[in-house]
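In: sequence unavailable; structure follows:
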């Protein structure tokens, strides 16, 4: 909930959606971070493209980073079917 509130505050300050702020945050993480959003609608693709124009301040980046520390991210990356497919793709 803390992350959602932080993203919402930044989104409101920029007049953008929470999804755009999350995407912009990932884009600001460095050239070695390449977010790949799943998009099924043209409107969402356009929204994602607009996120590349968002300039987040250092304070905003810090607030987003603090909102959910990496050591608090838990759980499987894939569901059971995805984990099976990922494991078997290596073999």
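Out: That came through fine. Since the structure is predicted, the reported quantities are computational estimates derived from the model, not experimental observations.
In: how about the helices in this protein?
Out: 2-14, 18-28, 42-51, 58-67, 80-89 (DSSP state H).
In: so which elements touch the second one?
Out: Contact here means 3 or more CB pairs under 8 Å, 6 or more residues apart in numbering; DSSP states H and E; on that basis helix 18-28 packs against helix 2-14, helix 42-51, helix 58-67. All C-beta spots, glycine's among them, are computed from the backbone N, C-alpha and C.
In: run a quick neighbour tally on residue 40.
Out: Neighbour count for residue 40, taken as other CB atoms under 10 Å: 7.
In: er, residue 52 actually
Out: Residues near residue 52, counting by other CB under 10 Å: 10.
In: give the contact list for it.
Out: Applying CB atoms under 8 Å, 6 or more residues apart in numbering to residue 52 gives the contacts 24, 27.
In: ok so, going back, can you say which of the helices of the chain is packed in most?
Out: Mean neighbour count (mean count of other CB atoms under 10 Å) peaks for helix 18-28 among the helices of the chain, with a mean of 19.
In: and the most centrally placed residue in the chain, how far is that from residue 69?
Out: Central residue of the chain (CA atoms, centre = their mean): residue 22, 3.8 Å from the mean position. Noted for residue 22: a distance of 16 Å to residue 69, by CB to CB, to the nearest Å.
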